[in-house]
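Q: all I have is the shape, not the residue letters:
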Ligand SMILES: C[S@@+](CC[C@H](N)C(=O)[O-])C[C@H]1O[C@@H](n2cnc3c(N)ncnc32)[C@H](O)[C@@H]1O
């Protein structure tokens, strides 16, 4: 952007009543980004925008007569102001002319991955952004298609605007890029093209404010643009107040701390992680304390219903974390109902352990058998293991996952590459540190409850005769799993006099004596173990008894995937 463009913008703003203090200046960095800098010590910075410069859905309602989907029509109006060469009249005033200096100063190309080419898109492979990008684009695409359908029935537009019937789901990501999202995609010069709509969408995504600040009676999810105020960059340490200004419908930004000469004056877009910053604003922050890895856990309707009824573990949804300045009417209604149809959403971070512990509580609850709660030792250990495995898989896929295939040759923008790498590194760091935290937690629990645990190693140590004689008597059999070893121990020891069994193993036999579990799932396995034994030696175990022992071991053990071992756990509420 040229210096003239900024000059014109500032002049225009002053003429329209923006109080631009002469103690600040707007500078342009080498990358073309504008920033606001204090020329001298600024004890109390304020910037106020009159209502006449605020771009709200009142304008799109007036122009399109829209009675719903306010944000969607506002984005369309803004695309029209940018891309249509003819006037857009509201109450006799041409909005295109009115806002021309502002629109001219806006970036033409935005760095959100929604516009990245296939080679750049592949830089994100394995991440949540990579996995969700297509779905996000499809939502915007559907929003745009339905707008075209509505406009094609409006007398004012029906001669020029035809519905678009493209089936988005049939397009590859390369098709999407070439036909719809690249700067040079076909139809990009029409104000009602997808490319124009996407540009407008991204401008709102990266610059919009919630309208309720100046209009308490308006729809709560409505968004607005604030020229000049939106030149301020983001710093999450910046102490800022947003409020209505002196006059009805005006907006005031106030810095709640002094700014020293030469320092940049920042806005604060809120505590956002790099995923949200990259997607919405096209940048990331190094060492971002708000960085999170989003993990969505889908639950079957039955489990969901019982967990909600018990009200013991948290099942957060998006609405628990943030209020977006930018929200589609659709996403808002699902948030309002705290709907779990998309699953529970856990945002785990380096800085705050709460979410990881909530997620762990859910994993432990999912492992609790009948008669257990998530606080029992066995489901706690199993939950820890399962979550570790899940995070390790996520880590693996974040580090290396398949790439999308594409035909063309595309240059990779250096800035975008750096953003993708920093975002990925942040995700990897959070996952690794969460896994380490879980490892430590498991180790503590294992140390604390050593007496409640039996491994096959401990079993062999406490009952050497079982290995030396008992097993030897069964001949040379191949056990399909470590569980079979416990099963055989149970069957060989269940009728032994109590005193002959080591004290710390007796609880197993006592519980086994009372055990009355469902055997149906173990019949086949039991029969094959029975066969393996009897084909080897004339030793006849009852298949039902084998099935009972197998069911028992499953009920009273946890599988420690990290060591590939089954550990028997004495029922214990921690
Ligand atoms: C509301 S605008 C701020 C004005 C913007 N600098 C401009 O030149 O128009 C938001 C955009 O500014 C840039 N931005 C804001 N804060 C930033 C930061 N801390 N680091 C890098 N880029 C930032 C991003 O491109 C973002 O999409």
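A: On my side now, so go ahead. Since we're looking at a predicted model, the values are computed, not measured.
Q: contacting residues around the helix or strand where residue 355 lies?
A: Using DSSP states H and E, residue 355 sits in helix 354-367. Residues from elsewhere that reach helix 354-367, judged by Cβ atoms under 8 Å, 6 or more residues apart in numbering: 292, 295, 297, 303, 307, 310, 312-316, 344, 346-349, 373-375, 378-380, 382-384, 386-387, 390, 434, 437-438, 441, 558. From N, CA and C alone the C-beta is placed, and that goes for glycine too.
Q: switch to 6 Å and redo it
A: Helix 354-367 is contacted from outside by 313-314, 346-348, 374, 379-380, 382-383, 386-387, 434, using Cβ atoms under 6 Å, 6 or more residues apart in numbering.
Q: out of these, which are inside strands?
A: Using DSSP state E, the subset of those located in strands is 346, 347, 348.
Q: of those residues, which is the nearest to the ligand?
A: Nearest to the ligand, judged by Cβ to the nearest ligand atom, of those is residue 347 at 20.5 Å.
Q: what's the neighbour count on the closest one?
A: Residues lying near residue 347 (other Cβ atoms under 10 Å) number 24.
Q: quickly list what the closest residue to it other than its chain neighbours is bridged to.
A: Excluding the flanking residues, the one nearest residue 347 by Cβ to Cβ, 6 or more residues apart in numbering is residue 292, at 3.8 Å. With DSSP bridges as the criterion, residue 292 is bridged to residue 349.
Q: ok, residue 353 to residue 393 distance?
A: Distance, residue 353 to residue 393, by Cβ to Cβ, to the nearest Å: 21 Å.
Q: also residue 151?
A: As for residue 151, its distance to residue 393 is 46 Å (criterion: Cβ to Cβ).
Q: residues of this protein that sit close to the ligand?
A: Within the chain, the positions near the ligand by Cβ under 6 Å from any ligand atom are 33, 34, 107, 206, 207, 230, 231, 233, 234, 281, 282, 283.
Q: which ChimeraX command selects the buried ones in the residues you listed?
A: Here is the ChimeraX command that selects only those of the residues of the chain next to the ligand that count as buried (16 or more other Cβ atoms under 10 Å):
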select :34,107,206,207,230,231,233,234,281,282,283
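Q: just the ones of the residues of the chain next to the ligand in helices?
A: The members of the residues of the chain next to the ligand that map onto helices under DSSP state H are 206, 207, 281.
Q: residue 135 sits in which helix or strand?
A: Using DSSP H and E, residue 135 maps to helix 128-151.
Q: which element follows that helix toward the C-terminus?
A: Past helix 128-151, the next helix or strand by DSSP H and E is helix 173-176.
Q: ok, and what's touching that next one?
A: 118, 404, 406.
Q: give me that answer again for 10 Å
A: 114, 116-119, 121-122, 130, 133-134, 137-138, 141, 166, 168, 181-182, 185, 194, 404-408, 410 (Cβ atoms under 10 Å, 6 or more residues apart in numbering).
Q: and these, which are buried?
A: 114, 116-119, 121-122, 130, 133-134, 137, 141, 168, 181-182, 185, 194, 406, 410.
Q: can you check the pLDDT for the nearest residue to residue 519 once chain neighbours are set aside?
A: With Cβ to Cβ, 6+ apart as the criterion, residue 519 has its nearest non-adjacent residue at 4.1 Å, and that residue is residue 547. We have a pLDDT of 95 for residue 547.
Q: which parts of stretch 524-544 count as buried, going by neighbours?
A: Judged by neighbour count (16+ other Cβ under 10 Å), stretch 524-544 contains these buried residues: 525, 526, 529, 530, 532, 533, 541, 543.
Q: next SSE after the helix or strand the second one falls within?
A: Remark: residue 526 resides in helix 523-536, with elements defined by DSSP H and E. Helices and strands here follow DSSP H and E; after helix 523-536, the next one along the chain is helix 543-555.
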